[in-house]
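> I need the structure of the sequence given here:
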Amino acid sequence: MRKSILSLIVLSIIITNCSKKQDPFQISKQHIGLLNDSTQVKDLEKIYANDSVVKFISGDEFTGNINDIEIFEKGGKKLLTLTPSQALDSTAYIKSIDVIDPRYKTDKNITTLSTFKDINNSYKISRISNSINSVVIIIDELNASFVIDKKDLPASLRFDMNLKIEATHIPDTAKIKYFFVNWNNN
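This next block holds a predicted model:
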């Protein structure tokens, strides 16, 4: 009897020490805070019970438009913008998350306040896309894309969309305009 009680106590201590509380601002490949790549729209009210979930309804579910969902703290500060895989479907998965609040950080401490140098020193850049007003740095390790305004690039690189931009072309001090994480689920 005494051994079983002692075993039970040891087991409960091990279980409590192993259960790690999820950081609500941590970003990884499969989760952002309390969201993960299996989160459905119907779960958001429970996950963000202490925050505000704002859903935009276009009024016509037949248009095929996806309705973004914004997450705000109770004080009004915007945290995230979520894009579901299907419009007006409570069972739809979250497919894309725009990270707004700088408290959200990767395991290597990259936030919306980071620079290109921080990204380049922390992650392997998978590819760089050139768009009209920005450059998109894609990091497959995180399923993340970091957007840098072309205003932060040398003038010779700002206007030619056909130019292949390399990491060496981007100044270390170029700031992240915003970044988002994409999840590919059903």
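> pLDDT score assigned to Lys177?
Lys177 is assigned a pLDDT of 91 by the prediction.
> and if you look at Lys29?
In this model, Lys29 carries a pLDDT of 88.
> That one against Leu142, yeah?
Yes - between Lys29 and Leu142 there is a contact at 5.5 Å, judged by C-beta atoms under 8 Å. Every residue, glycine included, has its C-beta placed from N, CA and C.
> Compare the two (neighbour count), which wins?
Using other C-beta atoms under 10 Å, the more surrounded residue of Lys29 and Leu142 is Leu142, with 24 against 16.
> For the residue lying closest to Glu73 once chain neighbours are set aside, give me the pLDDT.
Spatially, and ignoring its direct neighbours in sequence, Glu73 is nearest to Asp51 (5.5 Å; C-beta to C-beta, 6 or more residues apart in numbering). Note for Asp51: predicted pLDDT of 87.
> any idea how far Asp51 is from Glu45?
As judged by C-beta to C-beta, to the nearest Å, Asp51 and Glu45 stand 10 Å apart.
> Show me which of those two is the more surrounded one.
Neighbours of Asp51 and Glu45, each counted by other C-beta under 10 Å, are more numerous for Asp51; the result is 18 against 12.
> So which residue is smack in the middle of this structure?
Among the residues of the chain, the one closest to the centroid is Val181, at 4.1 Å (C-alpha atoms, centre = their mean).
> Perfect, I'm done here.
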